[in-house]
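In: model this:
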Amino acid sequence: MFPKTRHAFLPLALLLPLTACSEQVVLEPSERLESLLLPSSDYPDGFDVETIDLDEIDGSGGGGTDFDSIEPAACEEAFEDSPADVPEEAAEGAGQVAVSSGSSPTFYTYVLVSGDFDETQDASGYEAMLSSCSTMTAVSDGITLEGSIRGTSFPSLPDQGDAFTMDLSADGLDMTMWTAWGQVADVHFVLIGMDLGSSPDVDTSTLARECFDDRLDTGCRDRLLQEAADEARSVQEEEFDEVLAAAVALLESDA
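Out: Alright, predicted model coming up:
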């Protein structure tokens, strides 16, 4: 069901919110929650949407979905009680994966669960993750990743919601993952958007005009590439917030 990728941590990113680190959450299907999943039109253009098989995830989703190790130790402890985990009280669920059909390696995972949840969320796990994972080293299937986690504020988050951004680098690949979660009435949601680091493009004429004299100014070239990468990342973050806004609006219409 998963698209092929150069790196083994793609399944990790797709299944991260579906498995609690300490205890497997078993979810029953729900027609109501399935009706609250996003239509393909609410994702950016060029995405193929596929429903997640909850039975498949319940049976084997936990295998390989956690990092093998994380440093510092306090960060690893924060991951063991990740604020983006599905609550242990979850009884019913539905989910989907959206995969870009173009050359840009971008993915979304969206999960809805319902159950007997507390009215207010405990923010201690979120705060612990932000304070202890500002810089981190993780290993997944033998791949060492250097990265960081920072809190992120999206305008579309409900009052009972939070988000963070995780940047990871390995083997020349820069990956960014946006994770948002929250609760609307009796439904808890987790939305993940992931970019696997598509190379930014700089117009050849701009590169020639800005960075060539007698020879290529590599510093100038690197600056233009970084500016292009920053602009592309900003656009992706805006797209993530648009998907989040559509998700929250649909949940609120059912509340």
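In: residues touching C220, list them.
Out: For C220, the contacting residues are E210, C211, by CB atoms under 8 Å, 6 or more residues apart in numbering. Placement of C-beta: from N, CA and C, glycine included.
In: My error: substitute M129 in the last question.
Out: Applying CB under 8 Å, 6+ apart to M129 gives the contacts C75, A78, F79, S82, P83, I149, F164.
In: taking the residues you listed one by one, which sit in strands?
Out: Under the assignment DSSP state E, the contacts of M129 contribute I149, F164 to strands.
In: State the pair within the contacts of M129 that is farthest apart.
Out: C75 and P83 (13.3 Å; CB to CB).
In: Between these two, which is the more surrounded one?
Out: Using other CB atoms under 10 Å as the criterion, C75 and P83 rank with C75 on top: 24 against 21.
In: which ones are touching that one?
Out: M129, S132, C133, M136.
In: now A90, nearest residue through space, not along the chain?
Out: What sits nearest to A90 in space, not counting adjacent residues and going by CB to CB, 6 or more residues apart in numbering, is V113, at 3.8 Å.
In: residues contacting the residue nearest to D116 when sequence neighbours are not counted?
Out: Using CB to CB, 6+ apart and skipping residues adjacent in sequence, the residue nearest D116 is E89, 5.2 Å away. By CB under 8 Å, 6+ apart, E89 lies in contact with G115, D116, F117.
In: For those residues, which ChimeraX command selects only the ones that are buried?
Out: Selecting only the buried entries of those in ChimeraX, with 16 or more other CB atoms under 10 Å as the criterion:
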select :115,117
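In: Using TSV, please lay out the contacts of E89 together with distance to E31, pLDDT and secondary structure.
Out: Conversion of those to TSV gives the following (distance: CB to CB, whole Å; pLDDT from 0 to 100; DSSP: H, G, I helix; E, B strand; the rest coil):
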residue	distance to E31	pLDDT	secondary structure
G115	16	85	strand
D116	19	81	coil
F117	20	78	coil
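In: Can you list which of the contacts of C75 are found in strands?
Out: Those of the contacts of C75 lying in strands (DSSP E): M136.
In: still on that earlier bit, partners of the helix or strand harbouring the residue nearest to A90, with directions?
Out: Here V113 sits within strand 106-115, counting by DSSP states H and E. With DSSP bridges as the test, strand 106-115 is paired with strand 90-100 (antiparallel), strand 187-195 (antiparallel).
In: ok, back up a step: now tabulate the contacts of M129 in CSV and tack on pLDDT.
Out: Converted to CSV, these look like this (pLDDT from 0 to 100):
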residue, pLDDT
C75, 89
A78, 84
F79, 81
S82, 75
P83, 71
I149, 92
F164, 92
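In: want to throw the contacts of M129 into TSV with distance to D45?
Out: Output for the contacts of M129, formatted as TSV (distance: CB to CB, whole Å):
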residue	distance to D45
C75	36
A78	36
F79	34
S82	31
P83	31
I149	29
F164	26
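In: Next, the contact list for the residue nearest to A90, please.
Out: V25, L27, L33, V86, P87, A90, A91, E92, G93, V187, H188, F189.
In: List the buried residues for stretch 210-218?
Out: Neighbour-count burial for stretch 210-218 [16+ other CB under 10 Å]: C211.
In: And for that stretch, what's in contact with it?
Out: Outside stretch 210-218, the residues that touch it by CB under 8 Å, 6+ apart are C220, R221, L224.
In: Look up how far L112 lies from L38.
Out: Distance of L38 to L112, computed by CB to CB, to the nearest Å: 10 Å.
In: With neighbour numbers in mind, choose between those two.
Out: Each of L38 and L112 has its neighbours counted (other CB under 10 Å); L112 has more, 29 against 18.
In: Report the beta-bridge partners for that one.
Out: Beta-bridge pairing of L112 under DSSP bridges involves A94, F189.
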